[in-house]
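Novice: Could you look at this predicted model? Sequence included:
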Amino acid sequence: MPENVQQTRITIDPITRLEGHGKIDILLNNQGKVDRAYFQVPELRGFEKFAEGRLAEDMPQITSRICGVCPMAHHMASTKALDSLYQVAPTPAARKIRELVYSAFTAEDHALHFYFLGAPDFVVGPNAPAAERNVLGVIAKVGLEVGKTVINMRRKLRELIILTGGKVVHPVFGLPGGVAKRVTPEDRSLHQSVAAEAVEFAKFTLQVFDDVVLKNSDYVNLILSDAYTHRTHYMGMVDENNHVNFYDGVLRIVSPEGKEWAKFKADQYLDYVAEHVEPWSYVKFCYLKPKGWKGFVDGDESGVYCVAPLARLNAADGMATPLAQQAYQKFFATLGGKPVHHTLANHWARVIELLYAAERMKQLADDPEITDANIRNLPAKAPREGFGVVEAPRGTLFHHYQTDERGRIRKANLIVATQNNAARIAMSVDKAAKGMISGTNVSEGLLNMVEMAFRAYDPCHGCATHSLPGSMPLVVRVRDPEGKVVATLRRDGDGKVCRNAG
Amino acid sequence: MFETNGTARIGVYVCHCGTNIAGTVDVKSLAEYAAGLPGVVVSREYKYMCSDPGQELINSDVREHKLNRIVVASCSPLLHEHTFRTAAEKSGLNPYYAHMVNIREHDSWVHQGEKEAATEKAKDLVRAAVRRIRYHKPLEKGYVPIDPNVLIVGGGIAGIHAALTMANAGKHVYLVEREPTIGGHMAKFDKTFPTLDCAACILTPKMTSVKAHPNITLWTLSEVTNVEGFVGNYEVTVTRHPRYVHEDLCAGCLQCIEACVYKQPRFDDEFNVGLGKRKPVYIPFPQAVPQVVLIDPETCIQFKKGTCKKTCVEACGDRQAIDFEQKDEVKKIKVGTVILATGFQTVAAERVPYYRYGVYPNVYTSLEVERLINASGPTGGEVVLRDGTKPKSVGIIHCVGSRDEYTNKWCSRVCCMYSLKLAHLIKEHTHAEVFNFYIDMRTPGKGFEEFYHRLLKEGVHFIRGRVAEVTDWADDASEEGKLVLRVEDTMSAMVRRIPVDMVVLSMGLEPHADAPEVRRLFNISCGGEGFFTERHPKLAPVSTFTDGIFLAGCCQGPKDIPDTVAQAGAAASEAMALIDAGSVEIEPNTAYVVEEACSGCRTCIVLCPFSAISFVQEKKKAAVNAALCKGCGTCVAGCPSGSLRQNLFEDEQIFEEIEGVLNYA
Amino acid sequence: MPEEKFEPKIVAFFCNWCTYMAADSAGTSRMQYVPNARVVRLMCSGRIDPQFVLDAFAKGADGVLIGGCHPGDCHYQEGNYKTLRRITLLKRVLKEMGIEEDRFRLEWISAAEADRLRTTVNDMVEKVRALGPLRLSAKEVIPEEVAVS
Amino acid sequence: MSDKPKVAFYWCASCGGCEETVVDLEEKILDVVAAVDIVFWPVALDFKRKDVEAMPDGAITATFLNGAIRTTEQEEMAHLLRKKSQLLIAFGACSQLGGIPGLANLWDRRRVMTAVYREAPSTVNPQGTAPQAKHAHDGKQSVTLPTLFDTVKTLDQTVEVDYYVPGCPPTPKILLQAVQTLLSGKLPEKGAVLAPDTALCEECPRKDTRPEKLTIKEWKRPHEILIDPEKCLLAQGLLCLGSATRGGCEAMCVKGNMPCTGCFGPTSRVRDFGAKSLSALASLVDSNDEAEIGKILAQIPDPVGTLYRYSLPASPLRRKKPEVI
């Protein structure tokens, strides 16, 4: 653009915590229109590098430190990579124990996200003052009892994980060919009762969503609105019946039209998934390798794709448990058939997955074989290369190791859930910004709209914690061409928006 | 954790040690530097800190400046640590508030060319000590009781004298000798220099009284095979090898020897260094102690074939002293002190090939000649050549295997004198012409020089020069059938050829081949040449670095009989001093458990070679038995939670020392 | 690149009964050797806590020398075997931490081997001098651009 | 605001597990919240750096900071919070010892970046693009990123620290006790680690099964054997670090039938966790033969990653020796 063009910048910093803080830099052109919104992840820890030289069997514990919120996802992906590395399958009991614990984890994580992070936007409402738009607001709306139930449910699920997994934050039970600790009959009955409770809890949660969101046309319209819509490919793991599965199965990719575009096993991931590097963010952007990197654009020809609850539902043909299956059908019926491209639908999809996870827990806990003491197959083969994949709450998670003959890591490659979504998130932010920001007139509603664009993904770049009660801390600085701040707009905890010069 | 227990008021004392330190280290600037270090109240330099005035200096400073820590920069703590601890104690401080810095052995003496660097090093070391001592704690001295029994290893003149001295003082002595008889080298000699009194006459009475003494348990043909424990409380294992004759039953009538199926003695006789012969059943020499025969299984038919008529057993009759079934017998004894008197060996003449020992039959070693001269020797005192004729000329070569790059560097101290003695005795016995070839004539002893002069008068030829070789290659008729010694006579500065009938090699003294094993067994150290190391060459010449173990005789270094006997007496009295004190002070550098910190992981227990650490079930924690702990600190370094500590070597003290030597002011 | 006149600092941990005595007797016999080593005396090499070694390096030592009794000769029977076990593993750790092997030595030097002590110290100082300063606590520079190669 | 004690939580280079611990206080968190004013907790509450900057120095009673110091930005925050807080508490292994991200100290920034943006098999990067401290959007404008340090640092290598709460992550119980201790007014000695000061063996349910004289002829790796759920793990040849590790976690990993990996760090009497545990474990090797000792210790294939898993930046060496450029 011409030399003398006036340009202005808006910085939103910090938003929620991704890996370190997230940061949005919005650059305006001289018409005051958004020229480009940069969605930045400003930290790198480099696990891929310092995994080198470590022992393969330590990886489930080392990589879980990538994320203290979904450590179980990394622990499990890593453990499965060890199965593949040593070419040893877990015993039937061990396999069930793993999926049982993993389901408990998914249920707990989804519940937390829905109530603490997602629900405020709907239960309380996107236009409610920020101070109310948080879990307390949710509780106010649905009653204190619910708050108690949520906290209780979370505790019980986490205690179960500790019981069998050793620790809930950074579990220790995963070993190639099995698990370190068996489920005793006493443990089992505990699992059973909590699972039953979880199913009831999930049903209740679905009801809340029904009553508060679906019965409110404004919300449904919001979900369907173009600002939150991207036509991309979707990826998710499915079982032999093409039903959603978090723990194991094959990966399925559907096109923006909902047609099966690819189906592959973990060890083929390099043929389908590639990462693109941008100089302005530490996060790498995934895309479909055969499509190639076409930039931050959607559509059938773009390599950009999407993972996580909505994507999983889009990529599958159904749910493996009865109640979840019913919800699944209603989901697509309500939102106009497969695939659903509306980002905000993630919240609903998440609740459906919560129900599935609870039901799955119940199935596994009810299976008497789960108490079998035979929980380990000892590796016999020499290690070389291993692939592991699971569906983390935030999407597909790949672990890929190469080792020397003694099982020391030579190379480790990790593609974490949110990386798959990174491009689409950047697009959503850019789209939201372009759609809503004009000149330096930045409103509080605008800021929330921008937040909602990525909050629906439950973003967890390289994994990180959720944002707890409500309002994203936001500052918008309006700067003159030299980058000097001419005005600051910030929204306080109480939701008041105040402006001040300089 | 890091308490300096009270503010430290440190006094630093830099010792000149005459010029030993001051000659290299700038003691003034060192003392000035120390004065500036944190906690230092006084810093002085003084000529000799170990002297009384030096110690008095400390004493008065403590009173005047209320010092509570003393750092002395002088020689090795192994030398004077005790001195300065006592000094501190005298000044009313806990002795362990004194600490030494080694700026002599480790600094001034080894960096003589580099005054600056040496001074810098001294500063670093002093700084380290100043930092360290702030973390010192007052400690109780430890004591252990002394068992009054003593073990003496080696039954030569040294062992014999020490044994009798202590036995006469009422101590019980275990005398262990590996040969079948006591007496050692001295028993082989005929006369002793310079007085020429007969060795047997002075030695054998002592030998018999050893046997007779009620306070002495004599074990010959025996070896110490294991030693455990520590000063005052040694547990020793002695293995008694079979002599196939019961000592208590044998009367020493020697009829069995008469009766042996071998009519003639036909086996080399060790006592006569192979010059004489003996039978399979024999007694080493007539005055042997104990007066008991033994059987050599290597040569006895009964042992080799099992088919002997056993005429010896018949001869012994109903005494039934002979017992072919005898086996090794293991004895375990407890003693409080040990005297090592294991003696020496002479250098093997084969190691000096140019003198052709073993090539020309008439080349003899000094020890062989001793036996030839000895009235009870193989020839009944006749000095004759292998063909039985008397030599008309004899050459005696000094310093064989001594003062020599290729064998041993040291002077064996006795060769000159015994060579003179042999020259005299040979002349006396044979009237032959005798030539002594020497490098330097060393006669540093009472009556020694006089003896030398006496021989000069007697007409013995003395040629100053090192013999190049002994050869039978005759240059002319005069040399035909003779052994020719080629030598440069450094007095007349000409190379000479001396033809003689007999050559005597004055072999040097060296440690026993198995001295290293003995050293290891008793946990003492030896010098590079292999003789056992005394605690201090001047101040503690018979002590070792292992408390309760003393040295006597040639195992500590070559010496003659008078010195050996004197040293044996000294060792005996040192041992008795310990015994009569009843107990001995030990370093309180023991390990201890910080009980509230110990997790009871038991790592330490297996690390202690002295089983000093036990696991207390009630408390589920480790406990150290200070009496058994030797203070190595291996468990302390190994305690994973840092709950074991060591007095005088606390982690803080060592960390401070490390930081001290490294952080440059 | 070692700067002008680099003088290596060596911290030496010697056991009281063998190597410390060797150093003493080197002194008594006036053997001359380089003045770069600073001896910390311990009763037995078994007291040497690997923490001491790392601490010495961290506090500025360019090299660390450990001296103990020969195997079988330990004044405390087998303290030096424990040392051997610890140092064997510690050497691997130091190697992985990029500390050159010549900077850390374990030597069995008996009281009799004064000359061995002399040559060992000389040799080690020479090798460390060649390696240059350890510079563990080198201040890090934050580049303007994030480098990738 | 009320005159209740003011408490702040902040994170640097960490996984968020420590934050989860705070959430895991569950109901108990309410008691805490009742007793204090939380004045800064970006992950949970809407107060920002500007608010902190606006506070008078020492306005915050206690700040719990988790995560290691990895970037210029984190370093700035650490300094700011130190200035504003009466007490600064290093919260969790990363902050106390460097934590697992500290393993990056085995390489420098350049190698880490290369591995991630150049060498990763799934990365397609023909131009060798890498995140830049400053990226020019066009001639005028540019967007910036904080720069990584070569060396991951602990909090107390960056600013003065008053207390430490150990663990990866700390257990809710440990956190609660720490908070109560600080609220009790009876402050422990400065620099104290707010957890028991005995090693884990003390509270290990398998304590009594360790033989009194344990030596080790062969080290085992967890995947190589069927792990006995009752017996001392070290006695099974597994490299359990419980004897060197501060207790307080109630042996969670051991109860999960896996060895302790040392996340609670050393006791107050030990300066370097790795060196000390190395000393203890190597001592147990059952051989006096140099070659055999080497062979047995070779069964510990990754000593640094195993013994310094959480504490490399806190060790005296801190990092691999920087290559001289």
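Specialist: Arrived safely. Remember, it's a predicted structure, so these values are computed and weren't measured experimentally. Numbering: from 1, shown residues only, chains lettered A, B, ... in the order given.
Novice: sec struct for residue 149, please.
Specialist: Using chain A. Three-state assignment for A:Thr149 (DSSP: H, G, I helix; E, B strand; the rest coil): helix.
Novice: The chain in question should be chain D.
Specialist: Relying on three-state DSSP, one would call D:Phe149 strand.
Novice: And it, how close does it get to chain A?
Specialist: 11 Å (Cβ to the nearest Cβ, to the nearest Å). C-betas here are computed from N, CA, C, even on glycine.
Novice: Next, count neighbours for that residue.
Specialist: The number of residues packed around D:Phe149, counting by other Cβ atoms under 10 Å in any protein chain shown, is 22.
Novice: Residue of chain A nearest chain B, please.
Specialist: A:Asp58 (20.1 Å; Cβ to the nearest Cβ).
Novice: Hmm, that residue is touching D:Gly305, no?
Specialist: Yes. Here A:Asp58 reaches D:Gly305: they are 6.9 Å apart, a contact under Cβ atoms under 8 Å.
Novice: Run a quick neighbour tally on the residue of chain A closest to chain B.
Specialist: Considering only other Cβ under 10 Å, A:Asp58 is surrounded by 22 other residues.
Novice: Give the residue spans of the chain that score low on pLDDT.
Specialist: Since you didn't name a chain, this refers to chain A. For chain A, the stretches flagged by pLDDT under 70 are A:1-22, A:42, A:126-137, A:439-448, A:458-502.
Novice: right idea, wrong chain: chain D
Specialist: Within chain D, the segments meeting pLDDT under 70 span D:1-2, D:26-27, D:29-30, D:33, D:43-48, D:323-325.
Novice: Using the record's domain definitions, break it down for me.
Specialist: Domain assignment for chain D, taken from automatic domain parsing, gives D:6-100+D:150-183, D:200-307.
Novice: Quick check: the gap between the residue in chain B positioned nearest to chain A and D:Leu241.
Specialist: Residue nearest to chain A within chain B (Cβ to the nearest Cβ): B:Pro640, separated by 20.1 Å. As judged by Cβ to Cβ, to the nearest Å, B:Pro640 and D:Leu241 stand 8 Å apart.
Novice: who touches both of those two?
Specialist: Jointly contacting B:Pro640 and D:Leu241 under the rule Cβ atoms under 8 Å, 6 or more residues apart in numbering or on different chains are D:Ser277.
Novice: for the residue nearest to A:Val304 when sequence neighbours are not counted, phi and psi?
Specialist: Nearest non-adjacent residue to A:Val304, counting by Cβ to Cβ, 6 or more residues apart in numbering or on different chains: A:Ala423, 4.5 Å away. With angles defined as degrees, to the nearest 10, A:Ala423 sits at phi -60, psi -40.
Novice: Give me the pLDDT for the residue of chain B closest to chain A.
Specialist: Per-residue confidence (pLDDT) for B:Pro640: 98.
Novice: Please report how far it lies from B:Leu607.
Specialist: Distance of B:Pro640 to B:Leu607, given as Cβ to Cβ: 11 Å.
Novice: The stretch 101-250 of chain A: helices as residue ranges?
Specialist: For the stretch 101-250 of chain A, the helices defined by DSSP state H, counting those that start in this stretch cover A:119, A:135-142, A:144-165, A:185-209, A:217-224.
Novice: just so I know, which of those lies nearest chain D?
Specialist: helix A:144-165 (5.4 Å).
Novice: Quick one: residues in contact with that closest one.
Specialist: A:72, A:75, A:97, A:100-101, A:104-105, A:107-108, A:111-112, A:115, A:135, A:138-139, A:168, A:171-173, A:179, A:181, A:183, A:187, A:190-191, A:194, A:197-198, A:201, A:204, A:208, D:24, D:26-27, D:252, D:256.
Novice: I'm curious whether stretch B:498-510, anywhere along its length, sits up against chain C.
Specialist: No. Stretch B:498-510 lies apart from chain C when judged by Cβ under 8 Å from any Cβ of the partner chain; the minimum separation is 14.6 Å.
Novice: hey, C-alpha coordinates of that stretch in CSV?
Specialist: C-alpha atoms of stretch B:498-510 as CSV (Å, rounded to 0.1, in the frame of the first residue of the first chain):
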residue,chain,number,x,y,z
ILE,B,498,92.8,-58.3,39.5
PRO,B,499,92.9,-62.1,39.2
VAL,B,500,91.6,-64.0,42.2
ASP,B,501,90.5,-67.5,43.2
MET,B,502,87.3,-66.5,44.9
VAL,B,503,84.9,-63.6,44.5
VAL,B,504,82.5,-62.5,47.2
LEU,B,505,79.5,-60.3,46.4
SER,B,506,78.4,-58.1,49.2
MET,B,507,74.7,-58.2,48.5
GLY,B,508,72.5,-55.3,49.5
LEU,B,509,69.4,-55.4,51.6
GLU,B,510,65.9,-55.0,50.3
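Novice: Figure out how far that stretch is from the centre of its chain.
Specialist: 28 Å (Cα atoms, centre = their mean, to the nearest Å).
Novice: tell me the average confidence for it?
Specialist: The average pLDDT for stretch B:498-510 rounds to 97.
Novice: Please enumerate the strands of chain C.
Specialist: C:10-15, C:37-42, C:63-68, C:104-108 (DSSP state E).
Novice: Could you check those and tell me which one is nearest chain D?
Specialist: strand C:104-108 (10.3 Å).
Novice: and the next element down the chain from the helix or strand hosting D:Gln177?
Specialist: Assigned by DSSP states H and E, D:Gln177 belongs to helix D:172-183. Downstream of helix D:172-183, the first helix or strand assigned by DSSP H and E is helix D:252-255.
Novice: The helix or strand just after that next one and chain B in contact?
Specialist: Helices and strands here follow DSSP H and E; after helix D:252-255, the next one along the chain is helix D:273-283. Yes. Judged by Cβ under 8 Å from any Cβ, helix D:273-283 and chain B are in contact via D:Lys276, D:Ser277, D:Ser279, D:Ala280, D:Leu281, D:Ser283.
Novice: What is the neighbour count of the third one?
Specialist: Read it as D:Ser279. D:Ser279 is flanked by 31 other residues according to other Cβ under 10 Å.
Novice: ok, the nearest residue in space to B:Thr603 that is not next to it in sequence to D:Asp156 distance?
Specialist: Leaving aside its sequence neighbours, B:Thr603 sits nearest to D:Ala280 (Cβ to Cβ, 6+ apart; 5.0 Å). Separation of D:Ala280 from D:Asp156 (Cβ to Cβ) stands at 25 Å.
Novice: who's A:Val179 bridged to?
Specialist: On the basis of DSSP bridges, A:Val179 is bridged to A:Gly174.
Novice: Kindly provide the distance from it to C:Ile109.
Specialist: The value you get for A:Val179 to C:Ile109, if Cβ to Cβ is used, is 52 Å.
Novice: Also B:Ala627?
Specialist: For B:Ala627, the distance to C:Ile109 - Cβ to Cβ - is 31 Å.
Novice: now do A:Ala195
Specialist: If you go by Cβ to Cβ, the gap between A:Ala195 and C:Ile109 works out to 68 Å.
Novice: quick one on the thing from earlier: who's in contact with the residue nearest to B:Thr603?
Specialist: D:Ala280 neighbours (Cβ under 8 Å, 6+ apart): B:Thr603, B:Gly638, B:Cys639, B:Pro640, D:Ser243, D:Ala244.
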